[in-house]
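**Student:** Predicted model and sequence below, questions to follow.
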Amino acid sequence: MTRRITLSDVAEKAGVSRATASAVLSGKAGLGIRVSEDRKKAVLAAANALGYVPNTAAQHLKKGDDNHIIALFTYENIFPSDSGSEFYPFFQGIQQEAERENYDVLILNNWARDKSRSSRIRLASGAIMIGVNRDDSDIRALIRQDFPLVFVGRRDIGNSLPIHFVTFGYKEAVSRIVELLAPRANGRIVYISSTFSSAEPSADKSYYLHAEAEKRGIEVEDIVLCDMPSSREVGEVLSAEAVVFDRLFIADLFTPVFNARGIVPGRDIFGAILEDDWTGTHCEWTVWENRRPELGALAVRYLVALLSGEDMIPGEVRLPVIEKQSTHGF
């Protein structure tokens, strides 16, 4: 990962003092600070050549801004008052932790398309981003401007840009679930995912599942649903000794099939869902415990650390999760 270009780098390349470079780039040249036109051009040329962007968090600290606002930005068409939403537990944790940290929360839904409205996010000191239906070009622009962002869930926005995020400890959780399934799997696990769930977290879970199964000599048969399960896909699941679903809603698609045949998950068919049971309604499958409020709170603490000027290395901060075994056991 490349080092962020600093104001000192610009000053050195332009052959001027750091104070002169700061005056030019902050727009203060000529406003009580005299800078020649040649030096001004040299600083601007150096900044452009190096790809310099200002450090927004540092500017807030230097000015002593008391802007204790965190933007909670979601790309999903939701609002946190809907307790039935899968994002609601995240909102709970974010709101409670923000209050403890003495920050107000500004909630923004969807990304405004016109430039004047999309700048609303800058009313806040930094932002926590939730959702996968995002516009990476806007995210890249914010990161290039050094606007403090923390994602809930791993995100890859390309261009080798640094990005901060918090996520569940999928690797350890998936490893534990494969360990539990191995004695029942008879060398084969059927893994069911969906084209409607193809974001980075699902890709991570799939990778860890395949890697862990390969270590144990277990074959993973992948089924990717495009819509409701077909008769062939239903047959593949029913023939399996062990099944793994990527998301809760995918497992729910097979519930009518199991009910119609009198099949009881955890007794007649063994398996797991690679998601936390945030609804509290999937005790027949092995899942991992609901820690969404804790992950939301962790995102706030991460963002506050950025805003406080701590030297946070871009990347992930993982929240460990523990599996909850099927009520029927293994």
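**Tutor:** Ah, there it is. Everything numeric here is computed off the predicted structure, so don't read it as measured data.
**Student:** would you list every one of the strands in the stretch 101-250 of the chain?
**Tutor:** 104-109, 126-130, 149-152, 164-168, 188-194, 219-225, 242-245 (DSSP state E, counting those that start in this stretch).
**Student:** Kindly compare burial across the ones you listed and name the winner.
**Tutor:** Burial of these is given as mean neighbour count (mean count of other CB atoms under 10 Å); strand 242-245 ranks first at a mean of 26. To be clear about C-beta, it is placed using only N, CA and C from the backbone, and glycine gets the same treatment.
**Student:** The strands of the stretch 101-250 of the chain into TSV, with extra columns for distance to Ile139 and mean pLDDT?
**Tutor:** Below are these laid out as TSV (distance: least, CB to CB, whole Å; pLDDT from 0 to 100):
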stretch	distance to Ile139	mean pLDDT
strand 104-109	14	85
strand 126-130	8	91
strand 149-152	7	92
strand 164-168	11	93
strand 188-194	24	96
strand 219-225	27	96
strand 242-245	30	96
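**Student:** do you know which of those strands lies nearest Thr279?
**Tutor:** Closest to Thr279 of the strands of the stretch 101-250 of the chain is strand 242-245 (CB to CB; 13.8 Å).
**Student:** then that closest one to CSV, C-alphas only?
**Tutor:** Output in CSV follows, covering the C-alpha atoms of strand 242-245 (Å, rounded to 0.1, in the frame of the first residue of the first chain):
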residue,chain,number,x,y,z
ALA,A,242,-25.0,-31.8,5.0
VAL,A,243,-26.1,-28.5,3.5
VAL,A,244,-24.8,-24.9,4.0
PHE,A,245,-26.8,-21.8,3.1
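**Student:** What lies in contact with that strand?
**Tutor:** 177, 181, 184-186, 188-193, 209, 237, 251, 254, 269-274, 285 (CB atoms under 8 Å, 6 or more residues apart in numbering).
**Student:** still on that earlier bit, show me the one of the strands of the stretch 101-250 of the chain that comes nearest Ala45.
**Tutor:** Closest among these, using CB to CB: strand 149-152, at 28.9 Å.
**Student:** how about the strands of the stretch 101-250 of the chain in CSV, adding distance to Ser137?
**Tutor:** Listed next are the strands of the stretch 101-250 of the chain as CSV, based on distance: least, CB to CB, whole Å:
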stretch, distance to Ser137
strand 104-109, 17
strand 126-130, 14
strand 149-152, 14
strand 164-168, 18
strand 188-194, 26
strand 219-225, 28
strand 242-245, 33
